[in-house]
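[1] just coords:
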Ligand code: NAD
């Protein structure tokens, strides 16, 4: 076995149907008396029920979380937090809501409890991407990690099938890149294989039958494992490309990941043979991993082209320049011509190929 370094992030995880009922006890465990409850406008009805459940432990609600954590939204939430003298943060929602709680924890040092309702995985990463003046900057710090994560499958049942599928592929992307990361290690690779397999078997069931709690639970387990991979090791071309596309062209986060992933797998395959063996195993064997991942888009009813989710054609060169200008480490060097082809295929939605 090759030498490796393994860093584990601390996590207290409550997993299972109905675990949201434990939120009050978890807040008391943290010594909190007046939590700020954070969400998005579309999740207001769930938040109303949560406030009723918590009673005086719910100090205030801020339901203005938005994608890419804009700093002006954080400033508005901070005003509410200070006015109502909140002493803890509860984020119920997807990566956008959890991102806002992390941004507030960074500024106040308050403890966080995350209740994820998508499969994005942010709740187990020490990572925060914030946007100011149109520029998204990412930081990593152990102080960003929520103290408690509550995975209650009941909170995911309302996630629409298309969003469930693309969010699941976003999670799979975290695990895929961990397999060929510069700091890959056997523990995280094991976690990645298990996480990918759980999502690959559950996502088609969820798309057919969004209320299937067994499949939802399986997907949530997979998302936790894949998020753990993202939080533990460095990411490469796929995450950089999606970061550039999302930040510069305001493309929807999960859908962008879903479309780009197969193309990046094909690009990196020649330089990451062991990762491809593990990925092939997690996918259940059969065709090449990039062909299988691309095929999942059709099977799950997702768009296959960046054009289809709003990418402007004239932006392709700009995206390429940004990626090549300040490249992340990647198992295969970032080369202009094959990367241009990769972006073109992702833009058109054609099948990934090796070149
Ligand atoms: P999101 O949080 O923006 O949610 C998308 C939409 O789905 C929102 O309108 C939300 O209200 C709605 N929604 C969420 N859960 C729902 C549910 N159960 N039922 C019905 N509607 C629901 O989307 P996302 O993809 O989870 O998060 C994207 C954001 O998270 C981006 O800003 C991205 O950068 C960030 N992110 C960060 C990390 C990290 O480790 N820091 C990891 C992944 C994503």
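    Nice, thanks for sending it over. Everything numeric in this text was worked out from a predicted model, so none of it was measured.
[2] can you list the residues of the stretch 51-200 of the chain near the ligand?
    67-69, 93-97, 99, 117-118, 120-122, 125, 127-129, 155-156, 158-159, 163, 167 (C-beta under 6 Å from any ligand atom). Bear in mind the C-beta positions are built from the backbone N, C-alpha and C, glycine included.
[3] go again using 8 Å as the cut-off
    Neighbours of the ligand within the stretch 51-200 of the chain, by C-beta under 8 Å from any ligand atom: 65-69, 93-99, 102, 116-122, 125, 127-129, 136, 138, 144, 155-160, 163, 166-167, 170, 174.
[4] the stretch 201-350 of the chain now?
    Taking C-beta under 8 Å from any ligand atom as the contact definition, the stretch 201-350 of the chain meets the ligand at 227, 230, 231, 243, 246, 252, 253, 254.
[5] residues in contact with residue 235?
    Applying C-beta atoms under 8 Å, 6 or more residues apart in numbering to residue 235 gives the contacts 174, 177, 178, 181, 328.
[6] about what we covered before: state the pair within the residues of the stretch 201-350 of the chain next to the ligand that is farthest apart.
    Maximum pairwise distance among those (C-beta to C-beta): 22.4 Å, between 231 and 252.
[7] more neighbours: the two, which one.
    Taking other C-beta atoms under 10 Å, residue 231 and residue 252 do not tie; residue 231 has more neighbours (24 against 15).
[8] let me know the secondary structure of that one.
    Recorded secondary structure, residue 231: helix (DSSP: H, G, I helix; E, B strand; the rest coil).
[9] got a pLDDT number for it?
    For residue 231, the pLDDT comes out at 98.
[10] in the stretch 251-355 of the chain, which spans are helices?
    Counting by DSSP state H, counting those that start in this stretch, one finds helices in the stretch 251-355 of the chain at the ranges 253-268, 273-282, 289-299, 316-325, 336-348.
[11] coming back round to it: just the buried subset of the residues of the stretch 201-350 of the chain next to the ligand, written out for ChimeraX, thanks.
    Buried subset of these, written as a ChimeraX selection, criterion 16 or more other C-beta atoms under 10 Å:
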select :227,230,231,243,246,253,254
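[12] hmm, back to that, got the helices of the stretch 251-355 of the chain as JSON lines, with mean pLDDT columns?
    JSON lines is the format used below for the helices of the stretch 251-355 of the chain (pLDDT from 0 to 100):
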{"stretch": "helix 253-268", "mean pLDDT": "98"}
{"stretch": "helix 273-282", "mean pLDDT": "98"}
{"stretch": "helix 289-299", "mean pLDDT": "98"}
{"stretch": "helix 316-325", "mean pLDDT": "95"}
{"stretch": "helix 336-348", "mean pLDDT": "98"}
